[in-house]
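*Asks:* I would like to see how this sequence folds:
(4 chains, ligands or ions: 6)
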Amino acid sequence: MEEALILIGGSQGSGIETSSLILSSALVRAGYGVLSNREYYSNIVGRHSYIHLRASSSQLPRSLTYPVDLVAALDAESVFFHFDDVRRGGFLVYDRDLSKTKLRGIISMEPESRARVEGKLKAIGAGEELGSLALALEGLGVRSIGLSYGSIISSFAEKLGIARAEAQRFRSSIVVGAAAGLLGLRQEALDYAIDRRFGRRPALSKANKLLTALVAEEVKSLVGSPLRLDEPSIGEEELLLVSGNDAVGMGKIVGGLRYQAYYPITPATDESVLHETYEALRVEGESLGSIVVLQTEDEIAAVNSAIGAALAGARASTSTSGPGFSLMVEGLGWAGMNETPLVITYYQRGGPSTGLPTRGSQSDLLFSLFASHGEFPRAVISSGDHLEAFYDAIWAFNIAEKYQVPVIHLLDKFLANMVTSMPLPDWSKIRIERGSTLFEANGSVKRFDKSSVVSPRPVIGSGAVIWYTGDEHNEWGHITEDPVNRLEMYEKRYRKLQLMDAEIPEEERAIYYSQGDEDFLLVGWGSTKGPALDALRELREEGLAGAFLQLKVFEPFPARLVSKVISSFKPDRVIAVEANIGAQAAKVVAMHTGHVIRKHALKWTGRPIYTMELVQAVKRLLAGSEREVMSYGK
Amino acid sequence: MEEALILIGGSQGSGIETSSLILSSALVRAGYGVLSNREYYSNIVGRHSYIHLRASSSQLPRSLTYPVDLVAALDAESVFFHFDDVRRGGFLVYDRDLSKTKLRGIISMEPESRARVEGKLKAIGAGEELGSLALALEGLGVRSIGLSYGSIISSFAEKLGIARAEAQRFRSSIVVGAAAGLLGLRQEALDYAIDRRFGRRPALSKANKLLTALVAEEVKSLVGSPLRLDEPSIGEEELLLVSGNDAVGMGKIVGGLRYQAYYPITPATDESVLHETYEALRVEGESLGSIVVLQTEDEIAAVNSAIGAALAGARASTSTSGPGFSLMVEGLGWAGMNETPLVITYYQRGGPSTGLPTRGSQSDLLFSLFASHGEFPRAVISSGDHLEAFYDAIWAFNIAEKYQVPVIHLLDKFLANMVTSMPLPDWSKIRIERGSTLFEANGSVKRFDKSSVVSPRPVIGSGAVIWYTGDEHNEWGHITEDPVNRLEMYEKRYRKLQLMDAEIPEEERAIYYSQGDEDFLLVGWGSTKGPALDALRELREEGLAGAFLQLKVFEPFPARLVSKVISSFKPDRVIAVEANIGAQAAKVVAMHTGHVIRKHALKWTGRPIYTMELVQAVKRLLAGSEREVMSYGK
Amino acid sequence: MASRFRTDVWIDWCPGCGDFGIVAAMQKAFAELNIEPEKLAVVSGIGCSGKTPHFIYANGVHTLHGRGIAFATGIKLANPELTVVVSGGDGDLLGIGVAHFVALGRRNLDITVILHNNQVYGLTKGQASPTLKKGDKPKSLPAPNIQDPVNPIALAVSSGYTFVARGYAMWVDHLKELIKAAIAHRGSALVEVLQPCVTYNDLYTGDYYKDRLYKLEEEPGWDPVVRSPAELDEKAARAIVKSMEWGERIPVGVFFVNPLAETYEERIAKRNPGFSITPPARQPISRNGGEPIISKEEFRKLFSDYIIIVRG
Amino acid sequence: MASRFRTDVWIDWCPGCGDFGIVAAMQKAFAELNIEPEKLAVVSGIGCSGKTPHFIYANGVHTLHGRGIAFATGIKLANPELTVVVSGGDGDLLGIGVAHFVALGRRNLDITVILHNNQVYGLTKGQASPTLKKGDKPKSLPAPNIQDPVNPIALAVSSGYTFVARGYAMWVDHLKELIKAAIAHRGSALVEVLQPCVTYNDLYTGDYYKDRLYKLEEEPGWDPVVRSPAELDEKAARAIVKSMEWGERIPVGVFFVNPLAETYEERIAKRNPGFSITPPARQPISRNGGEPIISKEEFRKLFSDYIIIVRG
Ligand SMILES: Cc1ncc(C[n+]2csc(CCOP(=O)(O)OP(=O)(O)O)c2C)c(N)n1
Ligand SMILES: Cc1ncc(C[n+]2csc(CCOP(=O)(O)OP(=O)(O)O)c2C)c(N)n1
Ligand code: SF4
Ligand code: SF4
Ligand SMILES: [Mg+2]
Ligand SMILES: [Mg+2]
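*Replies:* Ligands and ions are numbered 1, 2, ... in the order given. Sure, this is the predicted structure:
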């Protein structure tokens, strides 16, 4: 097979994240491209979670889709949740010991979900028990592989010479072994992956290797390796295996981050944890610098202390998601008023309010564009994939310092938690641009000199003496309410929008994917990029040729380019693709260009947009529908 | 004269607010309509402040304009600031004792302003001293009336039999007397106004009456009453003399406010102070209810405690301006998520950040529309004048409860601090509509029953048992992450936008002022209404017939009506009039209708839009200009 | 019966979590106090602890991180007839929400706060909370904590809470009694609960507490109650000093009670007697199906200071 | 010379305002400590007090209401070589900003906080601030205050500030010495200043303070310094008890000093020694005019845990 789609399910806390990491590493080691997403509840232990993974022999995957080739379940709940995610001819690996488990016994399943699963079971004529479901699936063309996880653990314990209870700790490796067996993954790759994860604790390495090998063999002996992937043809010699949080975190570090403040929040925290881990920037015993990472008392302190650090000259940022950003907007305005290079990394999750804390959305675009009272320039950049996120993290700092504006780097939970095999960034594309930041200066300086739109910025500690205030101020940074100063200073700041618009190429702010022959256009942003491009590829195979316009920078908005592209299509052939209900990017387009995009493919269940549902949605939209709501995913 | 324009200047803390109140009351008593604005620095004592007042014999004025007929100055700074605000043929009343005061001696004047005044003095050939300026003005056709305030106080002290030092306390009444004299205002009206203000302290009443009469006589003996107003023809028997804060505060009380939380902030506090004063709702010893007014520890507590009160069934609100609202957005989102009838009264001031705390703007429209992460319905209502503000305060509660949405009532500092003579509201227009709020219920209730877009809302304490959470929830208000529930519950909430749009007549959301013969259109909102209508009247006299479209409700936006009106004009004959730099309402129009309004008359100095400058701006825009920036006012 | 206060929502805390004990104690306390679920509001912030209201059959308001007290304040003031209990995490109440925590004490509003002190941010995976001691390194931290802790008891006493106690999540019946006393007390009450977090906190475990906890009420001569105004400062100081005891012996029980202070409700009612007659939230605001309760004539009288009789 | 620290911005406080004394004391203290204005950052919140930085010739950062400490924290951590002084109102620091006030103490970061305690919100026209006592009715209040006050000294000591003092705005030289000591102290320092607000507060006036204030240093036997770890709790408790003294006699001077505690800077440097070599804000982040300081090869090594060598 050219590619494989795998779903691994188990309860929160049961180890499937590690399993997925090992499986992904092994696949990458063996030459495949990998993309995986993790879905989980806002819960520490007990609720259902799963990994949805795509491995490809021919490319680095950029989207996920259903159905999958394999569901490997650690518990009964995963089977009840996902049995209908498997394709005909696909496989289900489950724990035969749980055959008698009844749906109604799964207390961790929310009543709404349980009721629906119940209906589904009825529909396919399955009984309430797991065993009966496995049987019914066979009838539907899904091959159920019931292993006795208990016996596996027993024989594993015996072989390793450890107690059975201790052996249970390794239980999650069963699904890794099963997947490896079905995929025909070579053991060297698996061992490499396990060493990579547990290398510093050889006993764990050894145990995991043994258990996965054992299960892989058992599975192979039962069914062979029916999901064997084609020989890989990707041709990378090394790949990073990173989440979106990691990619941004690394980008910031390369970009010169020296101060990161945060208050814990899903799905942003992991980025700051990476910074904590690398705070000493130690390479072979030598330190390349030091990053201060401060866990603050709240997000208000996070943003404001980051502004303080920026005033002192550090590249400073804070990372958060919606609830945290909502608390940061007053600080954002101060930064805008004081022309401070602040970077806020904003991972959108399902809102409003606490919403779906561990699920994704693209519902904060308009908020990030207009947050805080009054008017001031800002930049808002959204990244379409991990590699973009890496570069954009650096770009955000450059824009912030060159134009002395706050920059919001907009990401989402999808990207944050998806783990991908990413090529090493191209160093020739990376520049550090600090604009007119001054580290040496002397005595009192007009911080807000009106003679240029961007005034030289001596940092505090440079030797200059300067003043800042959130009040309207004169060139010295002292308060003044004089109306003429107000007129000019306000406009000086606002003009930076024009300056950015003039200096940053529109082609970097909106990316047009076209072969020139398309008769419809998808307009999307952020993590819709992958599914949109993949959907277009599929649609083209079916004879429907569409182009993609990726909106990347929303402020300064590339209005001319966007206008040009959109007006080259018939109005009823332009479709906005967004993970929200309001078609927010489409609103921004209308605001800047007057083009009202009337066709929308939307999703707001908190789960990613999958390629196959987007394909369907686009077809229906092209056939006349005005609005398609996607909703696949548990 | 049909009307008079008066400017009274003095330093902050010197009593001009009281002077203006007395003068206004007297004018109203005498049958005139009055509108006045107060400009002041963010300072307690010492900086320059002034009142700009329009009195009319034929109507209740709705805008202010320059030049004025009279500048009456309590101090030298006021003369230096305002000498060029007087029309040719107009009057300056000043303190002759200060003739030797030099511009450079006025330390309270900001350097930017001083430099500009210096230039102006040079330009008219005046020297640095006040006396020299007064002289120069005479040459320019302004009649300078130099009174010795010192001698006035002395003879007043003598007449009253009090010490000279004590007599100084009444100094600010000199300008009242001077204005009264020039206007030929009858003493009965003045006495009435003074009694109204000091009635409970007869000694003060007596003193003020004496001093004003004394000065009025002196002025009359010098120049007569050259600014005598025509016989009034307005025909109201009673009028309210209220600020915008008062109008909103009274509206809320009539609307049933029972809980008001606030944290002090200009220019919102005065509304809450009114509520504190009237918390017992006592009429002739009998109490009609009780309002809890809570000064909280911050704005976060203000908004969230108001939500709590709303859950318990009280009509609850909080009032603030930009910095406070910035801290409220997280709470706003919770209210949206939980379908809570919360009213936030939002007085826009000059931003961004602390900005110009005591000046006005219309720069928070987009923020109020998109504040808080995630998507949820809200209503955003802006009032065009005091009477609207009164009715809208009630309307806001009705919408909030009928649709169970947070409502933002958008006002601005201009309206908040302008004092006007307002007719008593028409009781037949007032309804209290509480929608499906339930005060009696029983046991556990599905608070978010999906069977209707707006579910019945039992208040806490009604006898029901209900749950709320900022997380996505099921019909019972319990957390669920189920994707199908999410799909439906999210849309249930969002549909309220459609429902409001369907049920609230578009004609109440956008008001079209037209005689049917216009060939250009002004589009404005909030307190631009008055200047826009008055400017149109003047323009019509000059043969330019324009219509006015007042945008009143921005969410749910009256897109069809607005589209219809705008498209009935040539695109280059549509002009947005706004007190901001971004033409924010125009952006909202584009977002909803695709109509891009390309001509803008804008002002962001923090001072109100004056009729005469709008007239000029519109003329230039009609003649081809794309953008006119207004900036009149000190 | 406490079961009356159960819901059928599955409790998704980690097996063994101390929060189970807290909910059980709350349910029992409500039952024994004979509170009607309809007249009770349980308000929480965000965190593992924040989920509490969903597990209790009573009006439940699961609010924002750190803001439970602010919501509760509005509920209570709008309808003082309700019993209002706030349940929150240590991060929630003492970190992001500490301004409201302090403000409640200063008001002495009749609300009971139950503080789940597990020394970590549970729901975000075990970061240090404001009560974790400097130098402590529970398993979820990569390096020892470098901030000093806040002391909830001392902070509460000095903020003006008039009932301050500490319980232990695993001593459900003892905790229940503290909660009952706190609710019965008129004024702001804090019950800090030592709550083992089995997943992230391997320092302050059940084992840790087992040998160290002792009950103040069993301490000879311990009398936390302020019996005359003159005693106030001394009793407060003693409570604070007592609260510093943390080591071989850790006290639980009642640290401080001041029954003499006026509640906020009483303070308001003094100024505005109407407040205590009908709760603001339950006053009629309209009549005849939509007319405002204030007629035009009453408006005229109420705001006569603003009205000018024109004699043109 | 203190005049070196003056600016030519007109000071627009009310004539007679205590804030004049505070600025004068600050300027003198800076001069006598020989601090370079270029290496000094004066950070404030919003209020009358918030305007302070504009009147001082040194880097000035006039921030948001309640947030001065948060800004200052970032400045100090990014460049620990700077002297950082926060000047804020009582509403600012103890009301809306109290979470940051507490957090600073918990960190013991080397920042000095000067608290303008005038018992009112000056700039918004005299509402009660968190330090106003219950029952007090200064002329700006329509009715007596109904909330209990917070005690800044007690709160600072219990939050972990390692230098805690109180001065009086009108005793400029005495105050100056306190400020000097606070700045010289390594760690979080609070100087509360009793500051008459002549416009709104007619209770706590110069006259009021005149006969009541006394200096702790003149009190026989008063020793606020913690000289060994064993003394810590006792000295802290004594400071807190002392701070409750408010009536016929009101103490000013140093309440508490703990020179033994590690500063936050030291705590970080332990984990990350690079921090104390070059301040983060002053480290080069690029070379050759734009290349990142981290080369691709170094990136590969730094993040080797994330790199997979493909053996396809
Ligand atoms: C404004 C905001 N910031 C951050 C979060 C993320 N968050 C959720 S729970 C939590 C901490 C919970 O810790 P604690 O209050 O101690 O409660 P526990 O989970 O330990 O019961 C945080 C930071 C949030 N929900 N809202
Ligand atoms: C977020 C926010 N809320 C409210 C205000 C309005 N405000 C300005 S100054 C002030 C109070 C100042 O009191 P305090 O901190 O005691 O300082 P003082 O004026 O007494 O020196 C307030 C509430 C603001 N600027 N920002
Ligand atoms: S993480 Fe800790 S506090 Fe949260 S449920 Fe688990 S054990 Fe309880
Ligand atoms: S209002 Fe009070 S604190 Fe503010 S400047 Fe005047 S006297 Fe000083
Ligand atoms: Mg906790
Ligand atoms: Mg103050």
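
*Asks:* quick one: contacts for residue A:238?
*Replies:* With contact set as C-beta atoms under 8 Å, 6 or more residues apart in numbering or on different chains, residue A:238 has these partners: A:424, D:307, D:308, D:309, D:310. Backbone N, C-alpha and C define where each C-beta goes, glycine included.

*Asks:* for residue A:299, same thing?
*Replies:* A:263, A:265, A:318, A:320, A:323, A:324, A:325, A:327, A:328, C:96.

*Asks:* filter those residues down to the ones close to chain B.
*Replies:* Counting by C-beta under 8 Å from any C-beta of the partner chain, A:323, A:325, A:327 from the contacts of residue A:299 sit close to chain B.

*Asks:* mind putting the residues you listed in TSV, neighbour count and secondary structure included?
*Replies:* Listed next are the ones next to chain B among the contacts of residue A:299 as TSV, based on neighbours: other C-beta atoms under 10 Å in any protein chain shown; DSSP: H, G, I helix; E, B strand; the rest coil:
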residue	neighbour count	secondary structure
A:323	29	helix
A:325	31	helix
A:327	26	helix
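
*Asks:* closest one of those residues to residue B:420?
*Replies:* Of all the ones next to chain B among the contacts of residue A:299, residue A:327 has the smallest distance to residue B:420: 37.6 Å, by C-beta to C-beta.

*Asks:* I'd say the closest one and residue A:297 touch.
*Replies:* No. At 11.4 Å, residue A:327 and residue A:297 do not qualify as touching, with contact defined as C-beta atoms under 8 Å.

*Asks:* for the most centrally placed residue in chain A, give me its contacts.
*Replies:* Centroid-nearest residue in chain A, with C-alpha atoms, centre = their mean: residue A:415, separated by 0.9 Å. Listed by C-beta under 8 Å, 6+ apart, the contact partners of residue A:415 are A:244, A:347, A:383, A:385, A:386, A:389, A:526, A:527.

*Asks:* secondary structure element for it?
*Replies:* In the assignment (DSSP states H and E), residue A:415 maps to helix A:413-417.

*Asks:* please tell me how far the residue of the stretch 301-450 of chain A found nearest ligand 4 sits from residue A:308.
*Replies:* Relative to ligand 4, the nearest point of the stretch 301-450 of chain A is residue A:334 (22.1 Å; C-beta to the nearest ligand atom). Separation of residue A:334 from residue A:308 (C-beta to C-beta, to the nearest Å) stands at 10 Å.

*Asks:* compare the two (neighbour count), which wins?
*Replies:* Shown here are residue A:334 and residue A:308; by other C-beta atoms under 10 Å in any protein chain shown, residue A:308 has more neighbours (34 against 30).

*Asks:* chain C against chain A: which residues are in contact?
*Replies:* So chain C meets chain A at C:10, C:12-15, C:46, C:48, C:64-66, C:95-96, C:98, C:121-125, C:127-128, C:130, C:142, C:199 (C-beta under 8 Å from any C-beta).

*Asks:* show me the contacts for the one residue in the stretch 1-150 of chain C that gets nearest to ligand 2.
*Replies:* At 12.3 Å from ligand 2, residue C:99 is the closest residue in the stretch 1-150 of chain C, using C-beta to the nearest ligand atom. Applying C-beta under 8 Å, 6+ apart to residue C:99 gives the contacts B:297, B:298, B:300, B:301, D:95, D:96, D:98, D:99.

*Asks:* what number of residues lie near residue 218?
*Replies:* As the question left the chain open, I've gone with chain A. Residues near residue A:218, counting by other C-beta under 10 Å: 19.

*Asks:* oops, I was thinking of chain C
*Replies:* Count around residue C:218 with other C-beta under 10 Å applied: 9.

*Asks:* what's the burial count for the closest residue to residue A:551 other than its chain neighbours?
*Replies:* Spatial nearest neighbour of residue A:551, excluding adjacent residues (C-beta to C-beta, 6 or more residues apart in numbering or on different chains): residue A:525 at 4.3 Å. By other C-beta under 10 Å, the residues close to residue A:525 number 28.

*Asks:* dihedrals phi and psi, residue A:525?
*Replies:* phi -160, psi 160 (degrees, to the nearest 10).

*Asks:* and residue A:33, bridged to which residues?
*Replies:* residue A:56 (DSSP bridges).

*Asks:* does it touch residue A:53 like I think?
*Replies:* No. Using C-beta under 8 Å as the test, residue A:33 is too far from residue A:53 to be in contact (11.1 Å).

*Asks:* which residues do the two both contact?
*Replies:* Counting by C-beta under 8 Å, 6+ apart, residue A:33 and residue A:53 have no shared contacts at all.

*Asks:* against residue C:155, how distant is the residue positioned nearest the centre of chain C?
*Replies:* Centroid check for chain C by C-alpha atoms, centre = their mean gives residue C:113 as the closest residue, at 0.8 Å. Counting by C-beta to C-beta, the gap from residue C:113 to residue C:155 is 12 Å.

*Asks:* shared neighbours of those two, anything?
*Replies:* Contacts common to residue C:113 and residue C:155, judged by C-beta under 8 Å, 6+ apart, are residue C:101.

*Asks:* is chain D within reach of the helix or strand containing residue A:222?
*Replies:* Following DSSP H and E, one finds residue A:222 within helix A:202-223. No. Applying C-beta under 8 Å from any C-beta, one finds helix A:202-223 out of contact with chain D, separated by at least 15.1 Å.

*Asks:* buried residues of that helix, list them for me.
*Replies:* A:205, A:207-216, A:218-220 (16 or more other C-beta atoms under 10 Å in any protein chain shown).

*Asks:* can you show me the strands along the stretch 201-350 of chain A?
*Replies:* Assigned by DSSP state E, counting those that start in this stretch, the strands in the stretch 201-350 of chain A fall at A:238-243, A:257-262, A:282-283, A:286-287, A:292-295, A:315-321, A:342-350.

*Asks:* oh, that last question was meant for chain C, not what I typed.
*Replies:* C:40-44, C:59-62, C:83-89, C:112-117, C:120-121, C:127-128, C:163-168, C:189-194, C:213-215, C:250-257, C:286-287, C:291-292, C:307-309 (DSSP state E).

*Asks:* okay, now the unreliable bits of the stretch 501-634 of chain A?
*Replies:* Across the stretch 501-634 of chain A, nothing is flagged by pLDDT under 70.

*Asks:* need the residues of it near chain D, please.
*Replies:* Within the stretch 501-634 of chain A, no position lies close to chain D (C-beta under 8 Å from any C-beta).

*Asks:* residue in the stretch 501-634 of chain A with the shortest distance to ligand 6?
*Replies:* residue A:555 (37.9 Å; C-beta to the ion).

*Asks:* residue A:375 is in contact with that residue, correct?
*Replies:* No. Using C-beta under 8 Å, residue A:555 is not in contact with residue A:375, being 11.9 Å away.

*Asks:* more crowded one of those two?
*Replies:* Taking neighbours as other C-beta under 10 Å, residue A:555 and residue A:375 compare with residue A:375 leading, 25 against 21.

*Asks:* helices along chain C, start to end?
*Replies:* C:19-32, C:68-78, C:90-91, C:98-107, C:152-159, C:172-184, C:206-210, C:232-243, C:264-271, C:296-302 (DSSP state H).

*Asks:* save those helices as TSV, and put in mean pLDDT too.
*Replies:* Supplementary listing: those in TSV, determined by pLDDT from 0 to 100:
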stretch	mean pLDDT
helix C:19-32	98
helix C:68-78	98
helix C:90-91	98
helix C:98-107	97
helix C:152-159	95
helix C:172-184	98
helix C:206-210	96
helix C:232-243	92
helix C:264-271	94
helix C:296-302	98
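
*Asks:* per-residue confidence at the closest residue to chain B within the stretch 151-300 of chain C?
*Replies:* Using C-beta to the nearest C-beta, residue C:285 is the residue of the stretch 151-300 of chain C that sits closest to chain B, at 2.9 Å. Note on residue C:285: pLDDT of 97.
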